[in-house]
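Participant: After the sequence you'll find the predicted model.
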Amino acid sequence: NRKEDHLEVAGVTDIAPSHNGRGLTLIQYDRTIVLTDSARRYYVSEAELVSLLRSKGLYPVGQTMCSIDLDSIERTITSHPMIRHAECYKQSCPVVMLRASQRIPQLRVINETETYFIDSDRKRMPARPSVDARVMCIVGHVSERAARNELFDLVQWIMHDSYWRKHISRIEVNNPKDIR
């Protein structure tokens, strides 16, 4: 049972006929992006996603419905390092929906040269100021392979045990055979 954080782009409140006669033009969103996660984890902001879409010329506000490239919007949103999956579709005209799930950090790695997270899919996530995840920290001589495999399994086991979860907040790795 994986917890997922969902972002939604909701429908348009006002529409106007396009000046070129090819359909309706989106001119105003009722809600742009809403995070529906009950835990209120915000790893990506509405402003970041809007900026990303604008930088690629894909922001749908002001576009005709027939000119909106849903596949490109999905690919662009999915390319964001904090997004796990995105789905964009047109509902009843003129509503464009975007559903995206955030990546969920499971552990933080701090080694000699860098800091990063490993997410619930065992994939590397960048450490960012916007990610204030309260997750197990692994420090020391940690390879990404070990963090994604053996150490990930160890952290999951610790987090699912009520006793150890209360008593262990950090794991120190001096070498592959010396873990404290």
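Facilitator: Thanks, I have it.

Participant: Would you list the phi and psi of Arg75?
Facilitator: Main-chain torsions, Arg75, degrees, to the nearest 10: phi -60, psi -40.

Participant: Distance-wise, check it relative to Ser67.
Facilitator: 17 Å (C-beta to C-beta, to the nearest Å). Every C-beta, even on glycine, is put in place using the N, C-alpha and C of the backbone.

Participant: And Ile179, by the same measure?
Facilitator: Ile179 is 55 Å from Ser67, where distance means C-beta to C-beta.

Participant: okay, those two: which has more neighbours?
Facilitator: Between Ile179 and Ser67, counted using other C-beta atoms under 10 Å, Ile179 has the larger neighbour count: 16 against 13.

Participant: Run a quick check on the more buried one versus Glu172, I expect a contact.
Facilitator: Yes: Ile179 is within contact range of Glu172, at 7.2 Å (criterion: C-beta atoms under 8 Å).

Participant: Next one: Ala127, what pLDDT does it get?
Facilitator: Looking at Ala127, its pLDDT reads 87.

Participant: Would you enumerate the residues in contact with it?
Facilitator: With contact taken as C-beta atoms under 8 Å, 6 or more residues apart in numbering, Ala127 is in contact with Arg108, Thr115, Tyr116, Phe117.

Participant: next one: Gln106
Facilitator: Phe117, Ile118, Asp119, Ser120, Val135, Met136, Phe152, Val155, Gln156.
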